[in-house]
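*Asks:* Starting from these lines, generate the structure:
(one chain, ligands or ions: 2)
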Amino acid sequence: MPANSEERDIIRQIFELAENDTTQMLDEVMSNPASNYTDPDKLAQEINILFREFPIVIAHGSELADSGDYLTHDDTGVPILAVRTGEGEVKAYLNVCRHRGARIEDLPCGNSRRFTCPYHAWTYDLDGALRGMPQPVGFDSVDFSERGLVELPAFERFGLIWVVPSPQDPQETAIDIDAWLAPMAEHLGGLDLADHVVFEKWALPRDMSWRLALEGFQESYHFCSAHRHTACSNYLDNQSVWIDCEPHMRHAVPLPRTLEMQGTPEDEWEYRTNFMTQNYLFPANFVQTMTDHVYVHTIIPTGPGTCAFHCMMLVHKSVAPESAENPEKAERYWRANYDVVRSVFNEDFVIGEGIQKGFAAGANDDVIFGRYEVGLHFGQKAIDAALAGDIVAPRHTQ
Ligand code: FES
Ligand SMILES: [Fe+2]
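*Replies:* Ligands and ions are numbered 1, 2, ... in the order given. Model (predicted):
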């Protein structure tokens, strides 16, 4: 696919940087207090705002392919039950019974027409409505229509399922997910993620601030040291280009062969096959595109100095093992990619956990973001703005 105008600009910048033997740089080095990675009060504020008021990705649409398919998700600290309704819509609820609060569905995923609470068997349908209970005479003054499951804002966009992990405030209009994702919409739309399938999905608890895990995907300065034997040689060293799509960000990391396009007609330039792109979707989601497949990760704080790293490896359904001409060969090919990325991510996590221990030892009062660690500056700026109330999820006007 020929590069679009934003991608041509990125490619031109890569040529320019290479010619001038430099890289994209901001004017100033930035200091970030170590307390941003350790302070429990700061973390509580981050959870209350970033992880309650903004959409996070919890699944790929294919995981809820059919009516009645459901999954549960708990790492945000909010018990989430997401389902595909009879009308084909994705809805999400608090996984909490409206009788006396028991957890309704305990399985990670499945298919069901009804959800029955294990405690006293109150039963809810896929639309969250309370449909029945044993011996209802004991609750004859209760209005069933007011005892449906509590709904959370949920959206299916770009093949992904997004949930805001707190109930809609009845005083406010609904969150406008399209306005929220608009700065990245053209790029995300071109990835055709709805026609991908999940090759692997995994979640890792890690002993590091969620911010450290996030930052590992916002700069490429570390590639040729932290990933010396893995990712380093795959990319031009420290030659990233960032596009600030406030509060989101496109971080384009060129492969060495990008430079081979120099001197060729612009309308023949290709972006996808020449770049790895770490698309940051505020506050904690990444759509990381490789030349022929995609990783979607979401990083969630689980406590002071701990986080959960959720990741899906997506491949286009036309080349997935289940539809490939030679399924074993396809399985081997994608499995090899998966194994490499698990090693690369692990290299980041081991370093991140070491940093977290160093914070506890009190060696540094701050960390410093270099002039070419551009994504760290943009990311921190966006977090600060949201915590100050200057970035909010947009809402429909009525
Ligand atoms: S708590 Fe669910 S039916 Fe009683
Ligand atoms: Fe890394």
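*Asks:* burial of the nearest residue to residue 85 once chain neighbours are set aside, as a residue count?
*Replies:* Ranked by Cβ to Cβ, 6 or more residues apart in numbering and with sequence neighbours excluded, the top spatial neighbour of residue 85 is residue 126, at 4.6 Å. Using the backbone N, CA and C atoms, a C-beta is placed for each residue, glycine as well. Residues lying near residue 126 (other Cβ atoms under 10 Å) number 21.
*Asks:* Residue 126 and residue 67 touch, don't they?
*Replies:* Yes: counting by Cβ atoms under 8 Å, residue 67 is a contact partner of residue 126 at 7.1 Å.
*Asks:* Find the residues that touch each one of those two.
*Replies:* 84-86 (Cβ atoms under 8 Å, 6 or more residues apart in numbering).
*Asks:* In the stretch 201-350 of the chain, what residue comes closest to ligand 2?
*Replies:* Proximity of the stretch 201-350 of the chain to ligand 2 (Cβ to the ion) peaks at residue 348, 4.0 Å away.
*Asks:* Tell me, how many residues neighbour that residue?
*Replies:* If we define neighbours as other Cβ under 10 Å, then residue 348 has 21 of them.
*Asks:* helices and strands around whichever strand or helix holds residue 308, which ones?
*Replies:* Per DSSP states H and E, residue 308 falls inside strand 306-316. If you count contacts as 3 or more Cβ pairs under 8 Å, 6 or more residues apart in numbering; DSSP states H and E, strand 306-316 packs onto strand 56-60, strand 196-206, helix 210-215, strand 294-303, helix 327-361.
*Asks:* Now do the contacts for the closest residue to ligand 2 within the stretch 51-200 of the chain.
*Replies:* With Cβ to the ion, the shortest gap between the stretch 51-200 of the chain and ligand 2 falls at residue 200, namely 18.6 Å. Shown in contact with residue 200 (Cβ under 8 Å, 6+ apart): 312-313, 338.
*Asks:* Recalculate using a threshold of 7 Å.
*Replies:* 313, 338 (Cβ atoms under 7 Å, 6 or more residues apart in numbering).
*Asks:* and what of residue 105?
*Replies:* By Cβ under 7 Å, 6+ apart, the neighbours of residue 105 are 70, 72, 81, 95, 115.
*Asks:* again, only using 8 Å
*Replies:* Applying Cβ under 8 Å, 6+ apart to residue 105 gives the contacts 70, 72, 81, 95, 112, 115.
*Asks:* Just the buried ones from these, in PyMOL syntax?
*Replies:* Buried subset of these, written as a PyMOL selection, criterion 16 or more other Cβ atoms under 10 Å:
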select buried, resi 70+72+81+95+115
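*Asks:* Would you format the contacts of residue 105 as CSV with distance to ligand 1, secondary structure and pLDDT included?
*Replies:* Formatted as CSV, these follow (distance: Cβ to the nearest ligand atom, whole Å; DSSP: H, G, I helix; E, B strand; the rest coil; pLDDT from 0 to 100):
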residue, distance to ligand 1, secondary structure, pLDDT
70, 17, strand, 98
72, 16, strand, 98
81, 13, strand, 98
95, 11, coil, 98
112, 16, coil, 98
115, 10, strand, 98
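*Asks:* what does the stretch 201-350 of the chain have sitting close to ligand 1?
*Replies:* For the stretch 201-350 of the chain, the contact set with ligand 1 under Cβ under 6 Å from any ligand atom is empty.
*Asks:* right, I mislabeled it, should have said the stretch 51-200 of the chain
*Replies:* Counting by Cβ under 6 Å from any ligand atom, the stretch 51-200 of the chain sits next to ligand 1 at 97, 99-102, 117, 119-122.
*Asks:* Just send the residues you listed back as a markdown table, with secondary structure too.
*Replies:* Listed next are these as a markdown table, based on DSSP: H, G, I helix; E, B strand; the rest coil:
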| residue | secondary structure |
| --- | --- |
| 97 | coil |
| 99 | coil |
| 100 | coil |
| 101 | coil |
| 102 | coil |
| 117 | coil |
| 119 | coil |
| 120 | coil |
| 121 | coil |
| 122 | coil |
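*Asks:* which of the shared contacts of residue 126 and residue 67 lies closest to ligand 1?
*Replies:* residue 85 (21.1 Å; Cβ to the nearest ligand atom).
*Asks:* neighbours around residue 246, how many?
*Replies:* Residue 246: 12 surrounding residues under other Cβ under 10 Å.
*Asks:* now do the one 4 residues further on
*Replies:* Applying other Cβ under 10 Å, we find 21 other residues in the vicinity of residue 250.
*Asks:* ok, it - contacts?
*Replies:* 6, 184, 187, 242-243, 277, 279-280.
*Asks:* any idea where the helices of this protein begin and end?
*Replies:* Taking DSSP state H, the helices of the chain run over residues 5-19, 40-50, 177-189, 210-215, 223-226, 327-361, 374-387.
*Asks:* Mean neighbour count, the ones you listed: which tops it?
*Replies:* helix 210-215 (a mean of 25; mean count of other Cβ atoms under 10 Å).
*Asks:* Mind giving me the packing neighbours of that one?
*Replies:* Helix 210-215 is packed against strand 294-303, strand 306-316, helix 327-361, helix 374-387, with contacts defined by 3+ Cβ pairs under 8 Å, 6+ apart.
*Asks:* now these as CSV including distance to residue 204?
*Replies:* Formatted as CSV, the helices and strands packed on helix 210-215 follow (distance: least, Cβ to Cβ, whole Å):
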stretch, distance to residue 204
strand 294-303, 10
strand 306-316, 5
helix 327-361, 7
helix 374-387, 21
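*Asks:* I'd like the ones you listed written out as CSV, with distance to residue 56 and mean pLDDT added.
*Replies:* Shown next, in CSV, are these (distance: least, Cβ to Cβ, whole Å; pLDDT from 0 to 100):
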stretch, distance to residue 56, mean pLDDT
strand 294-303, 5, 98
strand 306-316, 9, 98
helix 327-361, 19, 97
helix 374-387, 13, 98
